[in-house]
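In: Take this sequence and fold it.
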Amino acid sequence: MKCNIVNIIHFIRWREPRHPGRDLHEPLVEQLKLANRYRFKATFLLQYDALVDPLFTGVLKEQNPELIEVGAWFEIVQQLVEEAGIIWRGRDGFSWDYHSHVGFLIGYAPNERERLLDLYMDRFKAEFGHYPSSVGSWFIDSHSLEYLKSKYRVRAACICRDQWGTDGYNLWGGYFNGGYYPSKLNMFAPAQTKEMQIDLPVFRMLGSDPIYQYDLGLSAENGYNPVLAQGVSTMEPIYPESGGNPHWVEWFMKENFNELALPFGYAQFGQENAFGWSKMEKGLNMQWEILDRRVKSGEVTLQHLSETGDMFRAAYDLTPVTSVAATRDWAGEGHQSAWYSSRFYRANLFVERGQLWIRDIHMFAEHYTERYRNDICGQKQSYYDNLPVVDGYRWSGNGVRAGLYLLVKDGKRHYRPAEGQTITFDRQESELLAEIQMEAGTITVCCLEQQIEIHGNSGMEWALALRWGSDSIPVTTIEATEISYVYNGFAYKLCAENGAFEGLPGQELRIVPEANRTIVLSFKRNLGYADERNDNYDQTNFA
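Out: As a prediction, the model looks like this:
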């Protein structure tokens, strides 16, 4: 029987410098009351300044450890930095400064990161008698993750969902949901091999809306704004249209844990304390009532984050294939969205106005080194990403929604959009299937661990069109069986094991099937570093 897992994770800060009068102890107390009232397992992750305050640690030490797990939250604060003998570079009055180059481990040299981690872990052990098994942050560099695993035997970690621009933290093109084993060179890239992976599963937080979050606020005419943040549609109870909306929460629970979510369903609930109790109280109580019904019915299982890490490591030696598919639209617009992630790539099959298209493909490469593996982040913004093959968010603009579209030939033998589609999603072991029925015939899109296969029935002439509106994408050359890319100084290729690529005038290329009516796009080979960046590609658009 498939297991549907929920981690309740609250991370706890001591002070919110943007609202210095806000009571951050009250949310901790109230969240603990809720956990005890419902007998819910919950994980509380402490920032260092909360860890050293007896007001915060005292109430946690009173809890039943069978219910309440205490772990580490690695946003870096002034007190920890100065205790490590490092100069604090935060703004005046900000003992916690949320900018990337100050408030996170990536803002410090690797040897400084180890000092900061050692100080934190020693203090945690002094308070609780053991090192934390669970750790989290919006992002944790691969050097620090490997250090935590090797020295302190941390069992699980959690990081932020995909987002663009929010608080200056850009995470894009990652393993969509659930857990993965990160590369030793890049915490955001699943490793392809056992030798290159950190054996510490990393789980994605916050419960992203699988339909709307990806390109929320995107303008097809103007494209994405590389400076402004996206909107938010997640499980966080402070957001009234999503996590604070009982209709959305019920929908998310049904879709996130439906029969297409294999091999296990996963979601993270909870809320950081920095917003104050009054803002989260109503939404959190509503969510816990819904969650309680589903726990009692056996639909979901609550686990501490460390327990989920243990389960993951026992079940998988390498990052598994997972899928999340929303076949019903909470907003009533008829959209559908299926996310498929493996250790080689992720893809999003999206249905809008009765037409299926591939909205996103990002390739994973264990040797694609993150920017902060050895270097210090020197700016307010930070960037974690993978290798774009199709990017429906960042490649849109000039009136074009970027993506990979299905075309069929009409009576005049001209390619046109494939309209009148009836789409059915299915899941078979490690495969995600989408069957597209049209008057002209049937096409099946099949996502497998290392490739995507598209099959058309006989008698129908069809093709795929890759379209983009951005003036700058990382494609360098187009040949018959491969497209070459250079992104952030890294060269990679999309290979057609069946089918052929055809470059077209303007911002489009076509992929035509071979005689067997099949296109096979492969993500398992042809990865390597470029000697130089692509001079024809504006890297500033993609950091």
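In: Please enumerate the strands of the stretch 401-543 of the chain.
Out: 403-409, 415-417, 422-428, 431-438, 441-447, 451-456, 462-467, 475-478, 482-487, 490-498, 500-503, 508-512, 518-522, 527-529 (DSSP state E, counting those that start in this stretch).
In: tally of neighbours for residue 261?
Out: When neighbours are counted by other C-beta atoms under 10 Å, residue 261 registers 23. C-beta: built from backbone N, CA, C; applies to glycine.
In: What of the one 3 residues further on?
Out: Under the neighbour criterion other C-beta under 10 Å, residue 264 is assigned a count of 19.
In: Leaving out chain neighbours, which residue sits closest to residue 222?
Out: Spatially, and ignoring its direct neighbours in sequence, residue 222 is nearest to residue 397 (6.2 Å; C-beta to C-beta, 6 or more residues apart in numbering).
In: correct me, but the one you found touches residue 223?
Out: Yes. At 2.8 Å, residue 397 counts as touching residue 223 under the criterion of C-beta atoms under 8 Å.
In: Can you check which residues contact both of these two?
Out: Counting by C-beta atoms under 8 Å, 6 or more residues apart in numbering, the residues touching both residue 397 and residue 223 are 469-470.
In: show me what contacts residue 378?
Out: Applying C-beta under 8 Å, 6+ apart, the residues contacting residue 378 are residue 101.
In: same thing with residue 463?
Out: Residues near residue 463 by C-beta under 8 Å, 6+ apart: 407, 415, 510-513.
In: Between those residues, which sits nearest residue 94?
Out: Nearest to residue 94 among the contacts of residue 463, counting by C-beta to C-beta, is residue 511 at 50.7 Å.
In: show me the contacts for that closest one.
Out: Residues counted as contacts of residue 511 (C-beta under 8 Å, 6+ apart) are 404, 463-466, 496, 499-502, 519, 521.
In: Including distance to residue 100 and pLDDT, could the residues you listed go into a markdown table?
Out: Converted to a markdown table, the contacts of residue 511 look like this (distance: C-beta to C-beta, whole Å; pLDDT from 0 to 100):
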| residue | distance to residue 100 | pLDDT |
| --- | --- | --- |
| 404 | 32 | 96 |
| 463 | 43 | 91 |
| 464 | 38 | 94 |
| 465 | 37 | 93 |
| 466 | 33 | 94 |
| 496 | 38 | 93 |
| 499 | 41 | 93 |
| 500 | 43 | 93 |
| 501 | 38 | 93 |
| 502 | 42 | 89 |
| 519 | 40 | 95 |
| 521 | 34 | 96 |
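In: Produce a PyMOL select command limited to the buried residues of these.
Out: Here is the PyMOL command that selects the buried residues among the contacts of residue 511 (16 or more other C-beta atoms under 10 Å):
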select buried, resi 404+463+464+465+466+496+499+501+519+521
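In: Output the contacts of residue 511 as CSV; include the columns distance to residue 52.
Out: Below are those laid out as CSV (distance: C-beta to C-beta, whole Å):
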residue, distance to residue 52
404, 51
463, 62
464, 57
465, 58
466, 53
496, 57
499, 60
500, 63
501, 58
502, 63
519, 58
521, 52
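In: What is the nearest of the contacts of residue 511 to residue 184?
Out: residue 521 (27.3 Å).
In: Report the beta-bridge partner residues of that closest one.
Out: residue 452, residue 496 (DSSP bridges).
In: Chain neighbours aside, what residue packs nearest to residue 304?
Out: residue 69 (4.0 Å).
In: my guess is the one you found contacts residue 46, does it?
Out: No. With contact defined as C-beta under 8 Å, residue 69 does not reach residue 46; the gap is 11.2 Å.
In: Tell me which of those two has more neighbours.
Out: For residue 69 versus residue 46, the count of surrounding residues by other C-beta under 10 Å is larger for residue 46: 28 against 24.
In: does residue 29 belong to a helix or a strand, and which?
Out: Assigned by DSSP states H and E, residue 29 belongs to helix 25-38.
In: Using PDB, list the CA coordinates for that helix.
Out: The C-alpha coordinates for helix 25-38 follow below in PDB (Å, rounded to 0.1, in the frame of the first residue of the first chain):
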ATOM      1  CA  HIS A  25       7.400  33.100  21.500                       C
ATOM      2  CA  GLU A  26       3.600  33.000  21.300                       C
ATOM      3  CA  PRO A  27       3.500  31.100  18.000                       C
ATOM      4  CA  LEU A  28       5.800  28.500  19.400                       C
ATOM      5  CA  VAL A  29       3.600  27.900  22.400                       C
ATOM      6  CA  GLU A  30       0.400  27.800  20.400                       C
ATOM      7  CA  GLN A  31       1.900  25.500  17.800                       C
ATOM      8  CA  LEU A  32       2.900  23.100  20.600                       C
ATOM      9  CA  LYS A  33      -0.600  23.300  22.000                       C
ATOM     10  CA  LEU A  34      -2.000  22.300  18.700                       C
ATOM     11  CA  ALA A  35       0.400  19.400  18.300                       C
ATOM     12  CA  ASN A  36      -0.500  18.100  21.700                       C
ATOM     13  CA  ARG A  37      -4.200  18.600  21.300                       C
ATOM     14  CA  TYR A  38      -4.300  16.500  18.100                       C
END
